[in-house]
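# sequence? don't have it. structure:
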Ligand SMILES: Nc1ncnc2c1ncn2[C@@H]1O[C@H](COP(=O)(O)OP(=O)(O)OP(=O)(O)O)[C@@H](O)[C@H]1O
Ligand SMILES: [Mg+2]
């Protein structure tokens, strides 16, 4: 099968010239379907820049990016947003929930862009919220929930449409350790089902939950290892990745 992510010699250069910042400095990275990969690095190392690239939220200054065999470095904004909608569920550090909407409405929102009927949206949103243990909080607004619960709503929103790829930027960054563990357990389950999970973090301990760990310093990948403490997912072993 085609690689899911195939990034070659990608550069992201801000302020070209004397004060240029090479946020990504010649990154080459391949990710297979069904991998659980952590990208770890200090603040300013280029993690979010890479995440934006991987998630088709940004385009490289130089280099190529094939997502599932398709050259995405040349696509228009509309085409990129269509791919994002279909392929990728995003989980952001700051949750990014809409305060005036309750849990189920927040989860339903992105489903609108997929052209689903109201009933279907409600069904998928309810299912996703139950999945993350929030079946009893469907009608709570973000303000009426704990940080851990809000992050779980954000995860439900990311997985409701059942995208094959989950892209999470510091998903545990704002959480206490118990809520952080809940979030990592959910990501692990999604991986075991055959999804690809890409986790961005500055925290080595969190990164150790992933099967593969890539370290980034100053926009460059400096190591890329398989973490033997995390056994391969059942889905990958059975060749049942999504
Ligand atoms: N729009 C921009 N213009 C100029 N420089 C930028 C811009 N965005 C990011 N940078 C620089 O690019 C580098 C990488 O930034 P990035 O946000 O990817 O880091 P990060 O690893 O996500 O850090 P953090 O852990 O703090 O979120 C930093 O040195 C940053 O200052
Ligand atoms: Mg960042």
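Happy to help now that I have it. A quick note: this is a predicted structure, and the numbers were derived from the prediction, not measured. Ligands and ions are numbered 1, 2, ... in the order given.
# tell me which residues touch the spatially most central residue of the chain, please.
Nearest to the mean C-alpha position of the chain, by Cα atoms, centre = their mean, lies residue 167 at 0.7 Å. Neighbouring residues of residue 167 by Cβ atoms under 8 Å, 6 or more residues apart in numbering: 51, 54-55, 88-91, 198, 200. From N, CA and C alone the C-beta is placed, and that goes for glycine too.
# contacts for the helix or strand bottoming out on mean pLDDT in the chain, please.
Here the helix or strand of the chain ranked lowest by mean pLDDT, DSSP states H and E is helix 77-87, holding a mean of 89. Helix 77-87 is touched from outside by 55-57, 67-68, 70, 72, 75, 90, 110, 113-114, 161, 163-165, with contacts defined as Cβ under 8 Å, 6+ apart.
# from these, list just the buried residues.
Among the contacts of helix 77-87, those scoring as buried are 55-56, 67-68, 72, 75, 90, 110, 161, 163-165 (criterion: 16 or more other Cβ atoms under 10 Å).
# helices - which of these land there?
Per DSSP state H, helices hold the following members of those: residue 110.
# which of the buried ones among the contacts of helix 77-87 sits closest to residue 180?
Ranked by distance to residue 180 (Cβ to Cβ), the buried ones among the contacts of helix 77-87 are led by residue 90 at 18.3 Å.
# partner residues bridging the closest one?
residue 167 (DSSP bridges).
# correct me if wrong: it contacts residue 55.
Yes: in this structure, residue 90 is within contact of residue 55 by Cβ atoms under 8 Å, at 6.2 Å.
# and residue 25, how close does it get to ligand 2?
16 Å (Cβ to the ion, to the nearest Å).
# with residue 56 instead?
17 Å.
# what parts of the protein come near ligand 2?
47-48 (Cβ under 5 Å from the ion).
# quick one: the strands in the chain?
Per DSSP state E, the chain carries strands over the ranges 5-14, 21-31, 36-40, 62-67, 70-71, 88-91, 165-169, 196-201, 212-217, 220-226.
# strand partners of the shortest one, parallel vs antiparallel please.
Meaning strand 70-71. strand 62-67 (antiparallel).
# which parts of the partner strand are buried?
63, 65-67.
# show me the longest helix that occurs in this structure.
helix 177-192.
# other SSEs contacting that helix?
strand 36-40, helix 147-159, strand 165-169, strand 196-201, helix 234-237 (3 or more Cβ pairs under 8 Å, 6 or more residues apart in numbering; DSSP states H and E).
# one more time with 6 Å
helix 147-159 (3 or more Cβ pairs under 6 Å, 6 or more residues apart in numbering; DSSP states H and E).
# ok, residues contacting the helix it packs on?
Contact with helix 147-159 is made by 89-91, 95, 97, 103, 106-107, 128-129, 132, 134, 142, 174-175, 179, 183, 186, as judged by Cβ atoms under 6 Å, 6 or more residues apart in numbering.
# which among those residues count as buried?
By 16+ other Cβ under 10 Å, the contacts of helix 147-159 give 89-91, 95, 97, 103, 106-107, 128-129, 132, 134, 142, 175, 179, 183, 186 as buried.
# where does residue 139 fall, phi/psi-wise?
phi -100, psi 10 (degrees, to the nearest 10).
# before we move on, back to that, could I get the buried residues of strand 62-67 in JSON lines, plus columns for pLDDT?
As requested, the buried residues of strand 62-67 are exported to JSON lines (pLDDT from 0 to 100):
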{"residue": "63", "pLDDT": "95"}
{"residue": "65", "pLDDT": "94"}
{"residue": "66", "pLDDT": "95"}
{"residue": "67", "pLDDT": "93"}
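# nearest to residue 216, out of these: which one, please.
Distances from residue 216 to the buried residues of strand 62-67, taken by Cβ to Cβ, are shortest for residue 63, at 15.1 Å.
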